[in-house]
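>>> Kindly generate the corresponding structure for this input.
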Amino acid sequence: MKTLKDIKQMLSNCGAYIVGTKKEVKELPNIIGDDEIITYATSGWYDGHTWLVVSTSKRIIFLDKGMLFGVNQIEIPLGKVNAIKYKKRLFMGEVEIWDGASMYKVKNISKKTLIPFVNAVNDSIGEFEKSQKSSGSSVADELVKLKKLMDEGVITQGEFNKKKKELLK
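Model prediction:
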């Protein structure tokens with residue numbers, strides 16, 4: 001599990017600038033997975049409250065910690081993000097994130113964090129899609145390849161069965 005120190009280091013590394021969401025940052029160690037990296041974070045107004053909006057290597061997280069207790073959290077897996085759009089105003093900006101079924105509009109985002117946030121999300125989506133493609137073929141494709149290797153005598157029936165069992169888990 002990541003510590004608060006780890007989280008603050010990741011936020012510092014990506015240059016995140018957040019205002020009014022210290023409680024939400026303290027909640028992140030309970031949310032960010034061990035294999036997840038924060039790529040950027042900002043804060044803005046959503047659903048009548050100030051929310052922390054975090055881009056990670058796996059998802060976009062909206063987080064609002066209540067005054068005394070409770071946490072409101074929305075997650076959008078990167079594979080579900082259809083579009084991200086932003087508007088830059090004189091001092092503040094807003095971002096819209098579309099996941100196919102819903103649109104999330106965060107207003108009053110600091111103008112200096114708006115484009116870095118959008119770029120971080122787009123970069124994370126690109127990396128995610130690249131990793132999905134490189135992880136390659138489906139289980140069925142892998143089984144066809146293994147069957148061919150077995151038919152050619154490259155692997156034994158036992159090796160085929162062992163690998164098939166691993167793939168089907």
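>>> quick one, helices of this structure?
4-14, 22-27, 111-134, 139-151, 157-167 (DSSP state H).
>>> tell me the most buried of those helices?
Comparing the helices of the chain by mean neighbour count (mean count of other Cβ atoms under 10 Å), helix 22-27 ranks first with a mean of 17. For the C-beta atoms, the positions are set from N, CA and C on the backbone; glycine is no exception.
>>> ok, back up a step: using TSV, please lay out the helices of the chain together with mean pLDDT and distance to Tyr86.
Below are the helices of the chain laid out as TSV (pLDDT from 0 to 100; distance: least, Cβ to Cβ, whole Å):
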stretch	mean pLDDT	distance to Tyr86
helix 4-14	95	18
helix 22-27	94	21
helix 111-134	90	5
helix 139-151	82	38
helix 157-167	84	42
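>>> Could you save those as TSV and add columns showing distance to Asp64?
Listed next are the helices of the chain as TSV, based on distance: least, Cβ to Cβ, whole Å:
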stretch	distance to Asp64
helix 4-14	17
helix 22-27	7
helix 111-134	17
helix 139-151	39
helix 157-167	41
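>>> Could you chop this structure up by domain?
In terms of domains, the chain is parsed into 4-134, 137-169 (source: automatic domain parsing).
>>> sorry, back to before: the helices of the chain: which one's closest to Gly33?
helix 4-14 (11.7 Å; Cβ to Cβ).
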